[in-house]
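# Need a 3D model of the sequence below.
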Amino acid sequence: MAEALRVERVSKVYPGGNRALDDVSLEIEPGTFLVLLGPSGSGKTTLLRCIAGIERITTGRVLVGGSVVADGSRHVPPERRNLSMVFQDYALWPHLVARDNVAFALRRRGVGRADRRAEAEETLELVGLRGLGERYPSELSGGEQQRVALARALVAGTGLILCDEPLSNLDADLRERMRVEISMRVRAAGATTVYITHDQAEAFALADRLGVLEKGRLVQLGTPEEIYTHPASAFVARFTGLACELPVRLRERNGNGTIEVEPATLALARPLHARSRLPAGNHATGLLTIRPAAVRLCPPDRDEHHVVGTVADVAFRDRGYEHAVDLGGIARITGVYAQRRARRGEPVGLSFDPEGCLVFPA
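Presented below is the predicted three-dimensional model:
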């Protein structure tokens, strides 16, 4: 049965004063797939380890299924928190074959030997490892080992599954296939899942709810759509994918909720409008952040462009081409998608959609 998870004002301070977590609070409904996203050092691994019971919290409370498992005086060990983990480095017993690695979780629950064997084989088949139960971890590929680790987490039947960057050691193609595998299997199991990553595409693809951490603080929690369209800060916008950011002067506010802006060091061919993320008050300047999807290539000799730049680089991406465009040495716009390949060194116009342009405090 899926467990609710609540983290209340949790801080973790290591000896020497290093504050890895700073007053983090979140609440997740049973069956939710939560992804924690952030750069290295943001606190996401520490938060996961505190939920698991591997780390002791300094202040605050952690509740799993409504029961307090950690607070200022109490620390329930990991094996008594009704959770299982999928680790980045697989964490398989090297002296046990795949079937016995999976069955280990059942042995801890007191399941009989014959039933353990049958259920372990069934779960290995579920994750696409039929016939590989007699192989040792050293005889399996990285992707196969990660499937064994996933099978072990699923067979444990816990209400909470924690995933510590489980795909980071896999190549790109296998990572995508395992992402789908994990998403399907844990959702089919009905477990609540907390998954950490620093990969934005992976986070958006997996999450029901997405939390962004910065320097030990949870700076935004919401659906992937909310995080992308309404980032709480320039940091969140930057970490979830930008083509460019520019300092701008604010010209005038429009009735539709947008602001006319003028880049401080760049001339525009026509007015540029952006959505405001500025707090109340008077602001003369701001920081313009531009999503890649808001940028469109167009002919440089037509009125539809805002600026003209020069193609610095181009890369083939699936159904089209991704361009990097230099703006006279002042800035570079990256991730500009087009179905037509522009040549390196070719002048191109760039048009900006206000929906993907956001202004934050400078």
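# how about the helices in the chain?
Assigned by DSSP state H, the helices in the chain fall at 44-52, 98-108, 113-126, 142-155, 172-189, 200-206, 224-229, 234-239.
# helices or strands up against the first one?
Applying 3 or more Cβ pairs under 8 Å, 6 or more residues apart in numbering; DSSP states H and E, one finds that helix 44-52 makes contact with strand 5-13, strand 19-28, strand 33-37, strand 59-64, strand 83-86, strand 160-164, strand 192-197. Any C-beta I mention is one placed from the backbone N, CA and C, and that applies to glycine too.
# how big is the angle separating it from strand 19-28?
Here the directions of helix 44-52 and strand 19-28 differ by 60 degrees (axes from the mean of the first three to the mean of the last three Cα atoms, to 10 degrees).
# Export helix 44-52 to PDB, keeping only CA atoms.
Written as PDB, here are the backbone C-alpha positions of helix 44-52 (Å, rounded to 0.1, in the frame of the first residue of the first chain):
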ATOM      1  CA  LYS A  44      18.800  16.400  -2.900                       C
ATOM      2  CA  THR A  45      20.900  13.300  -2.000                       C
ATOM      3  CA  THR A  46      21.000  14.400   1.700                       C
ATOM      4  CA  LEU A  47      17.200  14.800   1.700                       C
ATOM      5  CA  LEU A  48      16.700  11.400   0.200                       C
ATOM      6  CA  ARG A  49      19.100   9.800   2.800                       C
ATOM      7  CA  CYS A  50      17.300  11.600   5.600                       C
ATOM      8  CA  ILE A  51      13.900  10.200   4.400                       C
ATOM      9  CA  ALA A  52      15.500   6.800   4.200                       C
END
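# Any idea how many residues pack against the residue lying closest to Q220 once chain neighbours are set aside?
Excluding the flanking residues, the one nearest Q220 by Cβ to Cβ, 6 or more residues apart in numbering is A232, at 4.2 Å. Counted with other Cβ atoms under 10 Å, residues neighbouring A232 total 16.
# A232 and R217 touch, don't they?
No: at 11.2 Å, A232 does not count as touching R217 under the criterion of Cβ atoms under 8 Å.
# shaky segments in this structure?
1 (pLDDT under 70).
# quick one: the strands in the stretch 251-362 of the chain?
258-263, 272-276, 285-290, 295-298, 307-317, 320-327, 331-338, 347-352, 357-360 (DSSP state E, counting those that start in this stretch).
# what's the first one packed up against?
It stands for strand 258-263. Strand 258-263 packs on strand 244-253, strand 272-276, strand 285-290, going by 3+ Cβ pairs under 8 Å, 6+ apart.
# Need the helices and strands packed on helix 44-52 in a markdown table (columns: distance to P94).
As requested, the helices and strands packed on helix 44-52 are exported to a markdown table (distance: least, Cβ to Cβ, whole Å):
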| stretch | distance to P94 |
| --- | --- |
| strand 5-13 | 31 |
| strand 19-28 | 31 |
| strand 33-37 | 29 |
| strand 59-64 | 30 |
| strand 83-86 | 17 |
| strand 160-164 | 19 |
| strand 192-197 | 25 |
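# on that earlier part again, among the helices and strands packed on strand 258-263, which is nearest L63?
strand 285-290 (36.2 Å; Cβ to Cβ).
# send the alpha carbons of that closest one over as PDB?
Extracted in PDB, the C-alpha atoms of strand 285-290 (Å, rounded to 0.1, in the frame of the first residue of the first chain):
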ATOM      1  CA  THR A 285      15.800  46.900 -14.700                       C
ATOM      2  CA  GLY A 286      15.400  43.200 -14.700                       C
ATOM      3  CA  LEU A 287      16.900  39.900 -16.000                       C
ATOM      4  CA  LEU A 288      15.200  38.500 -19.100                       C
ATOM      5  CA  THR A 289      15.300  34.700 -19.400                       C
ATOM      6  CA  ILE A 290      14.400  33.000 -22.700                       C
END
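# Not counting it itself, show me its contacts.
Contacts with strand 285-290, where a contact means Cβ atoms under 8 Å, 6 or more residues apart in numbering, come from 231, 234, 237-238, 242-250, 259, 261, 263-264, 274, 278, 333, 352, 356-362.
# Note down every partner strand of it and its orientation.
Using DSSP bridges, the strands paired with strand 285-290 are strand 244-253 (antiparallel), strand 357-360 (antiparallel).
# Also compute the angle for it relative to strand 331-338, please.
Using the same axes, to 10 degrees, the inter-axis angle of strand 285-290 relative to strand 331-338 is 30 degrees.
# buried ones in strand 285-290?
286-290 (16 or more other Cβ atoms under 10 Å).
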